[in-house]
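Participant: Pasting the sequence and the predicted model now:
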Amino acid sequence: MYSYISGTLEEVREDYIVVDNQGIGYQIYVPLRLMDELPGTGHQVKIYTYLYVREDAFMLYGFVSRDELSMFLLLINVSGIGPKGAIAILSSLSANDIRFAVVSDDDKTISRAPGVGKKTAQRLIIELKDKVSLDDALETASTEAPVSVYSGNSVVRKETIEALTALGYSASDAAHVLAGIEITDEDDVETILKQALKNMAIM
């Protein structure tokens, strides 16, 4: 019903904001991470929204990007995760953090979200496994870090992630750092592993 709402940011509360559009104040529940991306009250904002309807309420959930909204829609279709649970996850993890965790079977990262236990994290990974891919994560990451080039050998990338996890790094962190490394067909695991460890050291 509402693709997005743009207007003046009137209020910022603990878990929601109020956006005024032509004299109507829209109460929009948002992830805590979004609060850091908002301008001060009185400024113009554009919030991508999802209208959740239940018998006793109409609730708007909002995000600063379509990518975060798309991930929210995936999360609420996971068994046992409703809008509040999805918002809690996106308060702790970005959409790309979730993608990297899913493709690398990293339930520990997902379990860091409030109210998400190991079983729920594992179920989330299983149910989203065929809906997100490493290519999706790398493509999205490339828009976040345009100076990097994303290409090359997926086998080397996968084996490097496995090597990093064997060294004690989380699979999600390993996949994330590899998103910033150009991998060509001439590169081998040892070369990319050294670069990844160097990048890990300065993170």
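Facilitator: Yep, that arrived.
Participant: ok, the lengthiest strand in the chain: who's next to it in the sheet?
Facilitator: Identified as the longest strand of the chain according to DSSP state E is strand 44-54. Using DSSP bridges, strand 44-54 pairs in its sheet with strand 4-12 (antiparallel), strand 57-63 (antiparallel).
Participant: For the last one, what is the distance to the chain centroid?
Facilitator: On the basis of CA atoms, centre = their mean, to the nearest Å, the separation between the geometric centre of strand 57-63 and that of its chain is 19 Å.
Participant: next one: the first one
Facilitator: Distance of strand 4-12 from the chain centroid (CA atoms, centre = their mean) equals 22 Å.
Participant: wait, doesn't Q27 sit right on L60?
Facilitator: Yes - Q27 is within contact range of L60, at 6.7 Å (criterion: CB atoms under 8 Å). Any C-beta I mention is one placed from the backbone N, CA and C, and that applies to glycine too.
Participant: When the two are compared, which one has more neighbours?
Facilitator: L60 (20 against 14; other CB atoms under 10 Å).
Participant: starting at the chain centroid, how far to the longest strand of the chain?
Facilitator: Per CA atoms, centre = their mean, the centroid offset for strand 44-54 relative to its chain is 18 Å.
Participant: Pull the contacting residues for the most far-flung residue of the chain relative to its centre.
Facilitator: What lies farthest from the middle of the chain is G23; by CA atoms, centre = their mean that is 32.6 Å. Applying CB atoms under 8 Å, 6 or more residues apart in numbering to G23 gives no contacts.
Participant: any residues touching stretch 75-93, and which ones?
Facilitator: 15, 29-33, 50, 52, 59, 61, 63, 68, 71-72, 98, 101, 109-110, 112-116, 120, 123-124, 127-128.
Participant: where does this protein have low pLDDT?
Facilitator: Residues of the chain that meet the criterion pLDDT under 70 lie in 1, 134-154, 171-172, 202-203.
Participant: same thing but 50
Facilitator: Residue ranges of the chain with pLDDT under 50: 142-152.
Participant: where along it do the helices fall?
Facilitator: 32-35, 66-75, 83-92, 95-103, 107-111, 118-128, 134-144, 154-166, 171-178, 189-201 (DSSP state H).
Participant: Got phi/psi on the residue farthest from the centre of the chain?
Facilitator: phi 80, psi 0 (degrees, to the nearest 10).
Participant: picking that back up, narrow the contacts of stretch 75-93 to just the buried residues.
Facilitator: 29-31, 50, 61, 63, 68, 71-72, 98, 101, 109-110, 113, 116, 120, 123-124, 127-128 (16 or more other CB atoms under 10 Å).
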